[in-house]
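J.: predicted model and sequence follow; I will ask about them next.
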Amino acid sequence: MSELLDMQPDELRTFRQSLDLTQAELAEKLGGSRRAIEDWEAGRRQPPAMLRLALAALRFDVRPWSPIAIDPRYPDRESVENSVRDRLHEIASDRAQTKFENWLNDTASLPLAEAILLGFLETATDGYNDVELRDSWDRLPTSGWRTTMVVKPALGNGLHPNVAFETRHDEHAQRLAVFVDSKRPNERLPGRLRVEQALVDQGFRVMTFSGEEILADPEGCIDRITSVLHDLVDENLIAAGIISPPPRKRDEIG
């Protein structure tokens with residue numbers, strides 16, 4: 001492999017423009033945040049050299065490599081559960097640890113990856129506030145400043161993501177749907193695309209994780225979710241006039 005040189009801000013901007021992507025769209029494809037793309041293009045932060053490989057994979061539509069070669073439905077369940085318990089004991093409240101145990105009891109028929117994701121989400125924040133767990137999507141609060149999460153929500157028209165979030169600041173709201181795909185990860189199947197488009201039409205952002213991704217790096221997956229939630233909260237605060245939008249770059253005007 002040739003040496004990976006540091007990426008310059010104008011190189012990233014040129015790549016993004018060549019694919020006719022906004023900063024937010026490129027961030028979504030890379031599984032990162034719009035703020036990171038803004039900082040890289042503005043030269044405020046140095047992008048990692050490995051970003052060159054990610055961009056090359058994006059341009060040539062290379063299927064991601066699975067980090068571990070196990071069936072997420074039948075891993076060494078006890079060792080993975082114990083590992084998550086140990087980590088939650090370090091970083092989480094007693095309530096979150098109890099909730100994880102409840103998830104394991106209540107979701108025994110589900111892939112372990114999904115139970116682990118739900119357990120770690122008990123400690124999630126949106127960058128400002130802790131995420132609140134609710135029982136029903138139909139009864140979410142319609143005022144205040146909060147982010148709520150519902151597991152297996154019924155969103156109508158047969159749409160059932162594994163987890164859905166709503167970030168809200170009074171009348172301003174943004175939504176995120178998260179799927180865990182343990183059967184045919186990374187395949188852009190027609191039915192899956194229809195579901196994602198239906199959610200986008202309802203105003204949702206959509207994220208999908210494979211079971212292997214979660215088992216290999218659950219905290220990294222949570223970081224990606226919370227980064228998107230932070231962006232959605234900022235969009236609410238901008239709409240409410242509480243914070244100012246980031247300055248637009250010349251290449252984004254028009």
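T.: Yep, that arrived. Just so it is clear, the structure is predicted and the values come from calculations on it, not from any experiment.
J.: and for residue 14, the neighbour number?
T.: 12 (other CB atoms under 10 Å). No exception for glycine: its C-beta is placed from N, CA and C like everyone else's.
J.: likewise residue 215?
T.: Count around residue 215 with other CB under 10 Å applied: 23.
J.: not counting its neighbours along the chain, what's nearest it?
T.: Closest residue to residue 215 apart from its sequence neighbours, by CB to CB, 6 or more residues apart in numbering: residue 113 at 5.3 Å.
J.: which residues of the protein fall in strands?
T.: 131-134, 145-151, 163-169, 172-181, 204-210 (DSSP state E).
J.: now the second one: average pLDDT?
T.: Looking at strand 145-151 alone, the average pLDDT works out to 91.
J.: stretch 234-252: which residues count as buried?
T.: By 16 or more other CB atoms under 10 Å, the buried positions in stretch 234-252 come out as 234-237, 239.
J.: which one of these sits closest to residue 208?
T.: Distance to residue 208, by CB to CB, is smallest for residue 235 among the buried residues of stretch 234-252, at 21.2 Å.
J.: and the closest residue to the closest one other than its chain neighbours, how far is that from residue 220?
T.: In this structure, residue 235 finds its nearest non-sequential neighbour in residue 174, 5.5 Å apart by CB to CB, 6+ apart. Separation of residue 174 from residue 220 (CB to CB, to the nearest Å): 23 Å.
J.: and those two? Which one has more around it.
T.: A side-by-side neighbour count of residue 174 and residue 220, using other CB under 10 Å, places residue 174 first with 22 against 12.
J.: list the contacts for the more buried one?
T.: 166-167, 203, 205, 232-233, 235-236 (CB atoms under 8 Å, 6 or more residues apart in numbering).
J.: just the buried members of the residues you listed?
T.: Buried by 16+ other CB under 10 Å: 166-167, 205, 232-233, 235-236, out of those.
J.: going by distance to residue 126, which of the residues you listed wins?
T.: When the buried ones among the contacts of residue 174 are compared for distance to residue 126 (CB to CB), residue 233 wins out at 4.9 Å.
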